[in-house]
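Peer 1: how does the following fold in three dimensions:
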Amino acid sequence: MYSRLHDLRAGMTGASLDALLVTGRENIYYLSGFTGSAGALLVIADTHLLASDFRYTSQAALEAPEWPFMQVDGPLLPALRARLADTGVASVGYDASNLTLAQYAQLGGDDPALPFRLYPEPGLLTAMRLLKSPEELARMRAAVALTDAACADLLERVRVGITERELALSAEWFMRTHGAARVAFDIIVAAGPRSALPHAQPTDRPLRAGDLLVIDMGAELDHYCADMTRTVAVAEAPPRAREIYRTCRQAQQAGVDGIRAGMTGHDADRLCRAVIEDAGYGEYFGHGTGHGVGLAVHEEPRLRPGVKTVLPAGAAVTIEPGIYLPEFGGVRIEDLVVLTADGCEVLTAAPKPEELLVCG
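Peer 2: Residues are numbered from 1 along each chain as shown. Sure, this is the predicted structure:
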């Protein structure tokens, strides 16, 4: 953790920040190892501390022994405001994506009497978290392997008459009973016309012969997330379903074959999107091709139109094009990959046949 703290302080110097307040839970864990539900980190050039309340005194000593603990008996942010005032710092950075307007006001906001100024920090921790260390990748590989196993178990349960909700519950049960702390996000199991809803929630609708079935899930294991999607047909596969599956499969493979570090998020997206557009389904692919994954299931970088950010080697991202036909159904195929200078390493091992798989 000290090497991360060293890198963060170097970034703070470059951004002319005397201090940095860290409030996002993933960022707190990333820097300190602390997993409590209430707390904040304060980083200054020559000191750092973890602030929380009495409930976490012992937990902080176990999880973040390298971080001096500041016990706060009242509201957290006013106490940190007073602490910052005592240090004599002039510029304090904060994570605008993890601080509400009300919390900003508790820190003093734009009060001209405040002895320091508050500035949104320029994404220092976001940039650090982009590049996954070997230890982080090992945890992610384990989460992916568990997700692959849960997918295989779920596909064996697919049959006419079982409900979306029953399949989703079985997948969560499998992951939780095989070591997952939790699911990385609400599992998506969507059948028939509902599979055209990219973020559908499972319902009590029973599966029917000819349904397209979209399954999107991921385990959270040792704090790191997995994310994968597979699409199958139930009992039989209509010709139109086979056609859009084949197109999506070709688009996803174009991404796997062509996406690499050094290209922009826009250019990475185009590799998949062009295949779908050329097949005449461009208007039915309305989301980005992918996103970063790590401590959070959705983080930087983004692979979507207009993103000029260059993708770095060592980032873990999804490649997940989709085609969604209203009132008919949808297809999405998603792998989690690690970007390299020469391409990408696919972590997801669940089968994705070139032709639509029929289950049940």
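
Peer 1: for the rest of this, base every contact and every neighbour count on C-alpha atoms.
Peer 2: OK.

Peer 1: identify the residues contacting stretch 272-285?
Peer 2: The contact list for stretch 272-285, computed with Cα atoms under 8 Å, 6 or more residues apart in numbering, reads 247-248, 250-255, 289, 321-325.

Peer 1: any chance of the residues you listed in JSON lines, with pLDDT and neighbour count too?
Peer 2: As requested, these are exported to JSON lines (pLDDT from 0 to 100; neighbours: other Cα atoms under 10 Å):
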{"residue": "Thr247", "pLDDT": "98", "neighbour count": "24"}
{"residue": "Cys248", "pLDDT": "98", "neighbour count": "28"}
{"residue": "Gln250", "pLDDT": "98", "neighbour count": "17"}
{"residue": "Ala251", "pLDDT": "98", "neighbour count": "27"}
{"residue": "Gln252", "pLDDT": "98", "neighbour count": "26"}
{"residue": "Gln253", "pLDDT": "98", "neighbour count": "21"}
{"residue": "Ala254", "pLDDT": "98", "neighbour count": "19"}
{"residue": "Gly255", "pLDDT": "98", "neighbour count": "26"}
{"residue": "Thr289", "pLDDT": "98", "neighbour count": "28"}
{"residue": "Pro321", "pLDDT": "98", "neighbour count": "29"}
{"residue": "Gly322", "pLDDT": "98", "neighbour count": "30"}
{"residue": "Ile323", "pLDDT": "98", "neighbour count": "25"}
{"residue": "Tyr324", "pLDDT": "98", "neighbour count": "22"}
{"residue": "Leu325", "pLDDT": "98", "neighbour count": "19"}
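
Peer 1: and of the residues you listed, the nearest to Ala45?
Peer 2: Nearest to Ala45 out of the contacts of stretch 272-285 is Thr289 (Cα to Cα; 39.6 Å).

Peer 1: just the buried positions in stretch 98-111, please.
Peer 2: Using 16 or more other Cα atoms under 10 Å as the test for burial, stretch 98-111 gives 99, 106-108.

Peer 1: in helices, which of those residues appear?
Peer 2: Gln106 (DSSP state H).

Peer 1: now render the buried residues of stretch 98-111 as JSON lines, adding distance to Gly280 and pLDDT.
Peer 2: Conversion of the buried residues of stretch 98-111 to JSON lines gives the following (distance: Cα to Cα, whole Å; pLDDT from 0 to 100):
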{"residue": "Leu99", "distance to Gly280": "43", "pLDDT": "91"}
{"residue": "Gln106", "distance to Gly280": "53", "pLDDT": "93"}
{"residue": "Leu107", "distance to Gly280": "53", "pLDDT": "93"}
{"residue": "Gly108", "distance to Gly280": "54", "pLDDT": "92"}
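
Peer 1: check contacts around Val160.
Peer 2: 206-209, 234-235, 360.

Peer 1: Gly294: which element?
Peer 2: Using DSSP states H and E, Gly294 sits in no helix or strand.

Peer 1: what sits against it?
Peer 2: Residues in contact with Gly294 (Cα under 8 Å, 6+ apart) are 129, 132, 136, 140, 224-226, 316.

Peer 1: can you tell me which of those residues is nearest Arg260?
Peer 2: Nearest to Arg260 out of the contacts of Gly294 is Ala316 (Cα to Cα; 11.1 Å).

Peer 1: okay, and the beta partners of the closest one?
Peer 2: Following DSSP bridges, Ala316 is listed with bridge partners Val338.

Peer 1: helix, strand or coil for the spatially most distant residue from the centre of the chain?
Peer 2: Residue farthest from the centre of the chain, counting by Cα atoms, centre = their mean, is Ala113 at 39.4 Å. Using DSSP: H, G, I helix; E, B strand; the rest coil, the structure places Ala113 in coil.
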